[in-house]
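> Based on what follows, work out the 3D shape:
(chains A, B, C and D)
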Number of protein chains: 4
Amino acid sequence: MTPRFPTVTYDEAEDKLREECGVVGVSGVPEASLVAALGLHALQHRGQESCGIVSHDGARFYTERQLGLVGENFAGPDTAQRLAGDAAIGHVRYSTQGATVLRNVQPLYADVRGGGIAVAHNGNLTNARTLREELVAGGSIFQSTSDTEVILQLAARSPRAKSANRFLDALKQIEGAFALVALVNNRVIGARDPYGIRPLVLGRLDGGYILASETCALDIVGAKFEREIEPGEVVIISEDGMESRRFAPARAARPCAFEYIYFARPDSVIGGISVYQARKAMGRRLFQDAPADIDVVVPVPDSGVPSALGYAEAARKPFEMGIIRGHFAGRTFIQPTQAKRDLGVRRKHSANGAVLRGKRVLLVDDSIVRGTTSRKIVQMVREAGAREVHFRSACPPIINPDFYGIDMPQRSELMAAHMETGEMTRALGADSLGFLSVEGMYEAILGEARNARQPQLADHYFTGDYPTRLIDNERAVSDKDRQLSFLVDA
Amino acid sequence: MTPRFPTVTYDEAEDKLREECGVVGVSGVPEASLVAALGLHALQHRGQESCGIVSHDGARFYTERQLGLVGENFAGPDTAQRLAGDAAIGHVRYSTQGATVLRNVQPLYADVRGGGIAVAHNGNLTNARTLREELVAGGSIFQSTSDTEVILQLAARSPRAKSANRFLDALKQIEGAFALVALVNNRVIGARDPYGIRPLVLGRLDGGYILASETCALDIVGAKFEREIEPGEVVIISEDGMESRRFAPARAARPCAFEYIYFARPDSVIGGISVYQARKAMGRRLFQDAPADIDVVVPVPDSGVPSALGYAEAARKPFEMGIIRGHFAGRTFIQPTQAKRDLGVRRKHSANGAVLRGKRVLLVDDSIVRGTTSRKIVQMVREAGAREVHFRSACPPIINPDFYGIDMPQRSELMAAHMETGEMTRALGADSLGFLSVEGMYEAILGEARNARQPQLADHYFTGDYPTRLIDNERAVSDKDRQLSFLVDA
Amino acid sequence: MTPRFPTVTYDEAEDKLREECGVVGVSGVPEASLVAALGLHALQHRGQESCGIVSHDGARFYTERQLGLVGENFAGPDTAQRLAGDAAIGHVRYSTQGATVLRNVQPLYADVRGGGIAVAHNGNLTNARTLREELVAGGSIFQSTSDTEVILQLAARSPRAKSANRFLDALKQIEGAFALVALVNNRVIGARDPYGIRPLVLGRLDGGYILASETCALDIVGAKFEREIEPGEVVIISEDGMESRRFAPARAARPCAFEYIYFARPDSVIGGISVYQARKAMGRRLFQDAPADIDVVVPVPDSGVPSALGYAEAARKPFEMGIIRGHFAGRTFIQPTQAKRDLGVRRKHSANGAVLRGKRVLLVDDSIVRGTTSRKIVQMVREAGAREVHFRSACPPIINPDFYGIDMPQRSELMAAHMETGEMTRALGADSLGFLSVEGMYEAILGEARNARQPQLADHYFTGDYPTRLIDNERAVSDKDRQLSFLVDA
Amino acid sequence: MTPRFPTVTYDEAEDKLREECGVVGVSGVPEASLVAALGLHALQHRGQESCGIVSHDGARFYTERQLGLVGENFAGPDTAQRLAGDAAIGHVRYSTQGATVLRNVQPLYADVRGGGIAVAHNGNLTNARTLREELVAGGSIFQSTSDTEVILQLAARSPRAKSANRFLDALKQIEGAFALVALVNNRVIGARDPYGIRPLVLGRLDGGYILASETCALDIVGAKFEREIEPGEVVIISEDGMESRRFAPARAARPCAFEYIYFARPDSVIGGISVYQARKAMGRRLFQDAPADIDVVVPVPDSGVPSALGYAEAARKPFEMGIIRGHFAGRTFIQPTQAKRDLGVRRKHSANGAVLRGKRVLLVDDSIVRGTTSRKIVQMVREAGAREVHFRSACPPIINPDFYGIDMPQRSELMAAHMETGEMTRALGADSLGFLSVEGMYEAILGEARNARQPQLADHYFTGDYPTRLIDNERAVSDKDRQLSFLVDA
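The predicted model follows:
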C-alpha cells in the first residue's frame, strides 16, 4: 500500500524527546466528531504523523484514520456527516512502537461478541510483547504491531458478558503507562494507568463530557475542566451519566516529569499546576542552581522561552529573542558541498546578530538530549558575534531511557549519560554549561522536596527510578525484534 | 483512509457476469514475485480492482497489496527486490463480498502460532457468515470483511502443531467454491473445493512449480502445464517437492459452465478442453439450435467473436466485424441533455455501417444478462442501416443467481428470469432471438449429454441445480447484513 | 512541475507508426464541451497522452488541458459547467514535437488584439522552425515548443483587423500537413492543409455543426456526415451559419495512405471509402500479391483483423483468432532473469495453441515497422506448435520517414529500409514473408492505379514521393535541436 | 490542469497584510541552485504559495516551478543535478495579481533573440496593464497574467542587440515597486525600483555573489553582506565580476515601512537598521504614545513579540507569553453548531489563563487590519479571566491601500479607515486602544523626524502619500478586470 505521504512537520534533526500520542473522547455532545477534531488539533504537538476518529451514532460505528495533520483531514465541513453521532474518540500519533503504516493508525476497532469496540491509547505497555505471544499461541490473529491491539484482543477473549466488563478484564492484565479512551457502542470509556504516569483529564461541555490528554483540548472547544482521571480509575460515560470504577488500588499520581519540562502545551494545567508557570519557576531556579555573569538571556525557541523568561527575571538581565525560529516544514536541506560550515541548523534557527554582537549571551533550552543541535546553536551564536556563550538546561541531565511511550535515543546517544559536565561544555563549545538539579526541579514544579521512597513524579530519565516493573524488558534481548520484523509490509 | 483511486477499467454499464478473482502460486523459482506478477497479469481479466503479492525468502514474509492493475503496480524493476524470495503467491480481485477497501485486498496475512500464513482465494464460501459468527463469539477479532479471513482464523484456532495441518483443519470446515493458494513460511499450498467448481492448474517452471487459476498464466511465464488440482485435493509444495493430500473424497470435477462461456481467457484450457474451441463449438451448435435466414454474422466484441465465428462457419455466411469496440478506459460519459438518443453504449461499441447497411444481420453475444446493453446494440445496428437484426446468445437463458464467487445482478434483474423469449425479443427490439440450449451447451463443450443425476458442469445459472448446500443463505435474510454493515470505514 | 503521471496505455514496445493527434470542433450545440468530449473519446486512438477542451459561452473562454485519457478527465457531470457554452474545440494528442509537458498540451490559447483565439492541430508544419526563428527575432515570446504556437503567433502579428482574417494570414504562411480547428471568440474555424494530407470532416448536429478528424466522432454523438473539408479550405462557423473560404488553390485531396492502413478507426469513412472495407480489400489483394499454401489465416490483433478476414476470404482458408490480445494497460514488465525466452511480447499477445498446433499458419499484420514485435510473434506462434509460420504485411515495405505528424522510428530502424525480403524473412524467423504492392494498395483502396505524376495518396512511406517541400529539413541538421533543447523544464 | 494542491500554511482568517514575494540570485557559486533554495527557504515568510528556481550551466537553462513550500520541493539531494550550474535565480510567491496557476509561478522564462531570459520579481508595476495592452496590440502573446511577463515582453521587443541592454530598455519603461533578479544566459542581473520601495541586498559567497530580498537569506548560506542595491540601480554579475549601471537617477531609498513593521524577518537588516531592534524601539515608543496602567504586557504572537518586549521594558512591567500560538497548518476548522462562542481564533491562538487571570492585561500586536482577529483575541483573553484588556498597535492606523505588491483588503474593510479610535475600542471590546503615531514610527525606526517633502519611508498606508504615479489606477475602473477575467483556466 502506497499512501500519499504527508507533509512531514517532524524534523529528524531536532534533538528532542518526543511524546508519542494524544487522545480525546467526547460523549453526549452533538457533532461529537467535530469536537473531537478540534480537541485533537489542540493536541497536535503530541503527534503529527497520523490521526483518527471513531464515532458512534447509536446504531453504527464510523471510522476514519489518516496520515498527516488533523487540520488536513478533519477540518472540513463534512466531518460531522462522515463521522456521525454524539459519541466519538480520537487519536493523534507520533509512532514509537510499530512501523508507520495505516494499519497501526489509531483508534483501532474490532467487532467482538456483543458489539464493536474502538480504542485509542497514549503510553506504552511494559508487558505487551509477553501478552501478545500468549494470545497468538491461543489462536488470536493480530493485524497491527501496536500495543493497543493487545488490549482489544484481551477484551475479545474475556468470557464476561458485558462489554465494559470485558474491557475491565483487559485493563487488569496490562502493565505500563497508559491513558486510554475507548468507544464501546455509544459508551465512552476513559482509563489511566495505576501510577498516573500519562495525563488524562475530564471536562464538561454543554450536557456532555469530554476526555483529553491535556486541558488545552478542553479550552479549544470551550469545555469546563472537571478533574483529572485518577490513577487506576476507569470512567464509563453514557446517556445515563458517568460511572467511575477502579481496576487498580487508589494511590497518588506520579506524572511524567517531562510533561512539565517539554511535552505539554504551556497553557495546559497538569495536577493543578500551570505548565507555563512551572517552566518559568524552573528557569528561576535554574539561575540559582547555575548562575553566570552575562549580559543577555536568550531562549532556544520555542520551548526554551518560558524558562528563559524565568531565568532573566531571577538574574535581572535583559531577555532577548536572539535566535529566530522558522516555522516552515520540509525535509532537511541538502548542504551545498562547497559550504565551509554546517548550515543544517540554520534552516530552523537563525541568529539575530543585532542582540548578540559583542554580548555575553546565556542560552536557555528546556533540555539537552544528544547535544548535536545544542552544539550547532552555540556555534551559530558565537559566529553571530557573541563574546561569550553560556548554555543552560532547564531540566537535570538525562541519563536513562524511558519505557512509557516516549521516543528517545538509545542511552549511548544521550550526551549526559556518558560525559561529565566539563566534557559536555567542551563538546558544546560553550563557555559554561549548567543544569537544573533534580531537587530544583521538584521545588520549582511542586514546591516541595522529592520523596525518595515514593517520588511524586516519574523522574526515571534523571534518576533511573522506574515506577513499574519492565516485564518485556527483563526477557532476553536476543528475541526482542523477532515478532515485529517477521513481516515486511511494502 | 483515502487511497488514490485507480483507473477504473470496469464498466458499470457493461452488462456481464463478473468473475471475482484470480490466483497464482510460485514455488522454487528465483524472483518468484516477478513470475507471480506476470501470471497475475495474464489473469487480469478475472479482476481489475486490486492486486497483491506475498513472498517469502526463507526467513521473512514480504507483502504488498494495491488498488489498480498488476501492470501499474508490479511491473517495475524493483518488484523482485521489494518482494524477495523463491516462493510467492498473488491475487487479482474484482470484489463481490466486502467493500473495496485495502484491508480486504488479498492475499491476507496473519502471524499464527509457529509462523506466518498468507492466503489468496478465488470463489465464495457458502458458510462464511456462520463460521465468522462462531469465531467472533470465541474471541476472534476480524480485521476484514472478506471470506478469506475466515480461513485464516480457523487455521489460527486449530490445535494442531504443524501449520500445514492447521490449514487442512480449516479446509475441512469451509463449504462452497474455492481455489486457494497459501504461503505457510516458504511452502506454497494449493487447494480446490470438493466439487472443483473454480479452476486451479499446476505447472512446472524450471525446477519449480506454479499454481494458477488458468493455463494462460502458465503460458505467459513459459511454464509447462502438468495437471489440474483435483476436487478436494490440497498440494503442499516445498524445497523437497510436492505432496498431495485430500480434505474431501475424490470425485469428478464439476467446473463452472461460465468459465467456458465467458470468464476464462480463450487461450486457456480447462478440463482438457480449449476454451476457444468450446466457444466456437457453442457457436456452431447455436446455429443448429437457433438458425436464421440472414446475410451476415456479426459478433458483439470481444467476447462474442469465437461463437460468432462458429455460427458463421455452420451457417456458411460471411463473418464481419460489424461492431467496433473501443478499448479506452474511463467513467461513463455524461449524456448531453439535448441528445435525442441514448449515446451510452457508443462510448464502448460503435456500428461499422459499411458492413451493416441494407443487410440482414445476426448478432452473436456470449450471453444476455440484464439485456440493457443488448437492447442498445440492437438499436445501434438498426440505426446504422441494417435491414433486419437477429440476436443470438451463445449460452442458455440465465435464470438463477450464483453463490460461488460470481458477481451478478439480483434475479429480478435477470432478463430471462422473468420474460418469455417472445417478450425478450420485443424488449430487445430484435427481429428474432435465440439461445443455445442446455443440451447444446453440454454437447458443444463436452461432446456428451448432461447427466441429470450428476451434472458434469456447475450449470445452476440455467438449471437451478446447485452443487453444494447454501448454508448462510438458508438462514433468515433479515439478519443478513447486520455484521457487515456494522462499521462504516470512511 | 510534477504532474501526476497518467496511466500509460501506450506501449513503448509496440512496433507501430503512431498518429499524433485528433481534433474536434463544435458550434451551435448546447453543452458543446460534452459533445466535444464524446467526439474526442471516439478519436482516442489518435492520441492517448493528453487531451484538452476550450469552450466559449458568448462572453468568455473556458479552458482545461490534462494529461491522460478523455474518459478520465472529461466524462464527469460537471464538464458542461466547467466548460460552458455552445462552441467548443478539443484535442487529443500523442506528442511527436515538443516534450510532453502541460504547456504543450492543446488547444493552445492566446489573447490577441480584439479578443482571444484557441487552436488545436493535427499534423506537422514543415516550416515551423524557420517561422519560429523569424518570429523570435521580431520580439515574439514562445511559451511552448509546439508547432501550433507558430500559428497563434502569426495570427497575433497580422496587421488585419478581423480575427478571422488574421487567422487566414497565418494559414497562408504555414506549410506541411494540418487539420486545424480554432475558436475565435464563439466562432469555430476549421482548416485543412493544401494537399488534404490529414483528414477533417464536417457534420450536422441538431441545428449546429461539428468538425472532426474522423467520421467515427460524428457517429458517437449522433451527428450526420455532411462532407469533408477540402484541401486549402477554411470554414468559419458562427450563429449566422457557415462560410467557406480558401487560403490555397483547389485541388484533389491526397490523403495519407496510413490512415487507411492503420491510423483511422475501421468504422470511419475517408474520402468516401470505408476504412474497414479498404482493409479487407487490401487483405484480399495481399493474397494475390503474396499467396501461400497454408491451413489457417491468423490476424495479429487488433489491427490485422480486417485484412486477415480479406486474405482468408480470397484464399478460401479458415480465419481463426490464433493470437489473443490482452487489453490491460501498464508498463513493460521486468523479465525474470532466469527466463530462457523473451517473455516481453506475451504480456500483450498470447498464442492460442488450440488453433495453431500442427498447422501451417499465415499471420497477417497491417504493417512491419522495426520488425521486433513481428519476430517475437512468429517465434511465439512457432513455440505454440505451428508447423509453418508465414508472415504477410497488408501494406508495402516502409522505407521512408514521414514529416507530416506521424511518430515513427529513424530510417535506420525501419526494417524494410535496409533489408531485402529474403533477409527480412530470415530475421523474422518466418517460413515466408510477403507484402502488399504499392499498385495493390492503390487498387484495393481506390480501385484505380497510381497516377505517378499526381499520386492520389500521400504514399511517401513506400515511394519517397513527398507531397510538399520540407523546408526546415533542407536546413543544416547541425543546428536542428538547438532551439528545442535550450530549456530543460523539470 | 489539476495540480495536487499544496498544504496550505496560509491562514485565510489571519488578519494581516501580506508581502507577496521574495527573490534570490546566485552567481559564480557551485551548486548555485542549492544555495538559491536555502536562500528562498529563509525568505519563505514572504510567500508560501509557490516557488521556483531557474539555473544556467553555461550552456542551458534549467527550470522548475512548483506549488508549495521550498522545503517540500527543493530540499532533496538531486536539486543540484536537476538545476545544474553556477548561476541561478529563485522566487517564492504569495500571489496578489493573477490567479494561482502554475503558469504564473515564477521565475518566468522566455527565448528571445540572442538567448534565453528568466525573471523573478517582488513588487507590483503601476503601469503593467497599460503596457500589456500596448504589447498585445502590437502582436505579443501573453501566456501568464503576471506583471513580470510585461518585463519579459518588453525585453523581447527591444531592438538592441545585447540582452542586458534589452533588459535595461524594459526597466526604463516600467513604473512601480520592484526588486528584480534575472538570468540572461549565465549572467545574473539585479535591479531595484527608482524609489527603493522593495528591498534587495547583495552579498559575497566564496568567490561569487548573491542577491536576496533580505539579509536573512545571506545569513542562512553563510554569505557576507556587501551592500544594498540602490534605487534605480541595475547590477550585472558574470564571471568577469559585477558591473553597476543606472536606469533611473540616484536618490535616497524610500523603503516600505511595513517591511520594518511586519514583513521582514526580525533578524534581517534593512537600510542598516536591525528589524528586531526597530520593532523593539517601536514598542518602547508605543508606550510613550499610548501608555496604560496595567499589570502585564502580552504579545499577540509571533509578530507582536519584539514590540511587546519593548513596551514592557519602557513600561517596566512584566512581559508574559499570555497567548500561545499553534504552528500546525490546516484549513479553518468547521465550527460545531452547538458551540456558543466563536472557536475560530482558538485553533491558532490560545489563552494562557495562568498569567491572565485577574490581571490588567495589555496586548501588543504589530498592526490592526480588519480588526476581526483582534476582536476575537480580546474576547478570548477576557474569557480566560483578565480583569482588563488593553490593546496596542505597534504601527499607526492603516487607512490607505497599497499598490506596490502588498496583499491587503479593500479600503472599506480596513477598520481604521472608517472608524474613530473610540469606535474601534468598542468594536474590539477592549478597555483601551492605542496606536503608534507616524512621528513615533519615524523616530523609532530612523531616529529622525519625517521629512514631509521627501518622506524617508513609503508610508502611504498611514499618510496616503504614494511615492509614484498610479498609472493603471488612474484609468477607468470599469474596464479594470476585463483582461484578466477573459479566460477561465480550469
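
> The lengthiest helix in chain A: what's the following helix or strand?
Longest helix in chain A, counting residues (DSSP state H): helix A:275-289. Sequence-wise, the next helix or strand downstream of helix A:275-289 (DSSP states H and E) is strand A:296-299.

> Please work out the average pLDDT along the next helix or strand after that next one.
Per DSSP H and E, the first helix or strand lying C-terminal to strand A:296-299 is helix A:305-315. Helix A:305-315 shows a mean pLDDT of 98.

> quick one: is helix A:305-315 near chain D?
Yes - applying Cβ under 8 Å from any Cβ of the partner chain, one finds helix A:305-315 in contact with chain D at A:V305, A:P306, A:L309, A:E313. C-beta here means a position set from N, CA and C on the backbone, and glycine is covered the same way.

> what angle separates the longest helix of chain A from helix A:305-315?
Helix A:275-289 and helix A:305-315 are oriented at 40 degrees to each other (axes from the mean of the first three to the mean of the last three Cα atoms, to 10 degrees).

> Helix A:275-289 packs against which elements?
With contacts taken as 3 or more Cβ pairs under 8 Å, 6 or more residues apart in numbering or on different chains; DSSP states H and E, helix A:275-289 sits against helix A:305-315, strand A:432-435, helix A:438-446, helix D:353-356.

> and the ones you listed as JSON lines, adding distance to chain B and mean neighbour count?
Formatted as JSON lines, these follow (distance: least, Cβ to the nearest Cβ, whole Å; neighbours: other Cβ atoms under 10 Å in any protein chain shown):
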{"stretch": "helix A:305-315", "distance to chain B": "37", "mean neighbour count": "25"}
{"stretch": "strand A:432-435", "distance to chain B": "44", "mean neighbour count": "22"}
{"stretch": "helix A:438-446", "distance to chain B": "41", "mean neighbour count": "21"}
{"stretch": "helix D:353-356", "distance to chain B": "36", "mean neighbour count": "23"}
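
> related to what we said a few turns ago, just the buried residues of the longest helix of chain A, please?
Residues of helix A:275-289 classed as buried: A:275-287, A:289 (neighbour count, 16 or more other Cβ atoms under 10 Å in any protein chain shown).

> C:R160: which of these is nearest?
Among those, A:Y276 lies closest to C:R160 (Cβ to Cβ), at 74.0 Å.

> which strand is the longest one in chain A?
For chain A, the strand with the greatest residue count under DSSP state E is strand A:115-125.

> model confidence over that one, on average?
On average, the pLDDT along strand A:115-125 is 91.

> is it up against chain B anywhere?
Yes - residues of strand A:115-125 contacting chain B under Cβ under 8 Å from any Cβ: A:G116.

> and the residue nearest to A:G440 when sequence neighbours are not counted, what does it touch?
Excluding its sequence neighbours, the residue lying closest to A:G440 (Cβ to Cβ, 6 or more residues apart in numbering or on different chains) is A:R285, at 4.4 Å. Applying Cβ atoms under 8 Å, 6 or more residues apart in numbering or on different chains to A:R285 gives the contacts A:G310, A:A314, A:L436, A:G440, A:M441, A:E443, A:A444.

> same question, A:K359
When contacts are counted by Cβ under 8 Å, 6+ apart, A:K359 touches A:I294, A:D295, A:V296, A:G385, A:A386, A:R387, A:E388.

> Is there a quick PyMOL command that grabs whichever of those are buried?
Burial among these is assessed by 16+ other Cβ under 10 Å; the matching PyMOL selection reads:
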select buried, chain A and resi 294+295+296+386+388
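
> Greatest separation within the contacts of A:K359: which pair is it?
A:I294 and A:G385 (14.9 Å).

> Count the neighbours of the nearest residue to A:A161 once chain neighbours are set aside for me.
Residue nearest to A:A161 in three dimensions, not counting chain neighbours: A:G114, with 7.2 Å by Cβ to Cβ, 6+ apart. Neighbours of A:G114 under the rule other Cβ atoms under 10 Å in any protein chain shown: 15.

> What distance do you get for the residue nearest to A:G440 to D:E423?
According to Cβ to Cβ, to the nearest Å, A:R285 stands 47 Å off from D:E423.

> returning to what we had before: report the two of the residues of helix A:305-315 next to chain D separated the most.
A:V305 and A:E313, at 12.6 Å, using Cβ to Cβ across the residues of helix A:305-315 next to chain D.

> what sits in contact with each of these two?
Between them, A:V305 and A:E313 share no contacting residue under Cβ under 8 Å, 6+ apart.

> before we move on, back to that, contact partners for the residue nearest to A:A161?
A:A161, A:K162, A:S163 are the contacts of A:G114 under Cβ under 8 Å, 6+ apart.

> And what about the first one, helix, strand or coil?
It refers to A:A161. Put simply, A:A161 is coil when judged by DSSP: H, G, I helix; E, B strand; the rest coil.

> Look up phi and psi at it.
Main-chain torsions, A:A161, degrees, to the nearest 10: phi -80, psi -40.

> Next, count neighbours for it.
A:A161 has 9 neighbours, counted by other Cβ under 10 Å.

> now the second one
As a burial measure, the neighbour count of A:K162 was computed by other Cβ under 10 Å and equals 11.

> so how far is chain D from it?
To chain D, A:K162 is 31 Å away according to Cβ to the nearest Cβ, to the nearest Å.

> so what pLDDT did that residue get?
A:K162 carries a pLDDT value of 84.

> Pull out the buried residues from stretch A:126-146.
A:126-136, A:139-146.

> what's next to stretch A:400-414, contact-wise?
So stretch A:400-414 is contacted by A:17-21, A:94, A:96, A:122-124, A:126, A:176-178, A:197-198, A:256, A:258, A:369-370, A:398-399, A:417-418, A:458, A:460-464, A:466, A:470, A:473 (Cβ under 8 Å, 6+ apart).

> let's see 7 Å
Stretch A:400-414 is contacted by residues A:17-21, A:94, A:96, A:122-124, A:126, A:176-177, A:197-198, A:256, A:258, A:369-370, A:398-399, A:417-418, A:460-461, A:464, A:470, A:473 when judged by Cβ atoms under 7 Å, 6 or more residues apart in numbering or on different chains.

> Over to stretch A:367-375?
For stretch A:367-375, contacts defined as Cβ under 7 Å, 6+ apart pick out A:13-17, A:261-262, A:345, A:365, A:391, A:393, A:395, A:398, A:408-409, A:413-416, A:424, A:427-429.

> end-to-end on it?
Terminal residues of stretch A:367-375 lie 13 Å apart, using Cα to Cα, to the nearest Å.

> centre of the chain versus it, how much separation?
Remark: stretch A:367-375 is offset 19 Å from the chain centroid, using Cα atoms, centre = their mean, to the nearest Å.

> swap in stretch A:443-450?
On Cα atoms, centre = their mean, the centre of stretch A:443-450 falls 22 Å from the chain's centre.

> Quote the end-to-end distance of that stretch.
Taking Cα to Cα, stretch A:443-450 runs 8 Å from one end to the other.

> before we move on, what about stretch A:352-360?
Start to finish, the residues bounding stretch A:352-360 are 14 Å apart (Cα to Cα).

> who's in contact with A:R279?
Neighbours of A:R279 in contact, by Cβ under 7 Å, 6+ apart: A:P266, A:P306, A:S307, A:G310, A:A394.

> residues from the stretch 251-400 of chain A in reach of chain C?
Within reach of chain C by Cβ under 7 Å from any Cβ of the partner chain, the stretch 251-400 of chain A has no residues at all.

> Low-confidence regions, the stretch 251-400 of chain A specifically.
A:329-332, A:338-346 (pLDDT under 70).

> give me that answer again for 90
In the predicted model of the stretch 251-400 of chain A, residues A:325-349 satisfy pLDDT under 90.

> what about the next helix or strand after the longest strand of chain A and chain B, touching?
Next helix or strand after strand A:115-125 toward the C-terminus (DSSP H and E): helix A:128-137. Yes - using Cβ under 7 Å from any Cβ, helix A:128-137 reaches chain B at A:V136, A:A137.

> tell me which strands and helices helix A:128-137 is in contact with?
In this structure, helix A:128-137 makes packing contacts with helix A:147-157, helix A:471-474, judged by 3 or more Cβ pairs under 7 Å, 6 or more residues apart in numbering or on different chains; DSSP states H and E.
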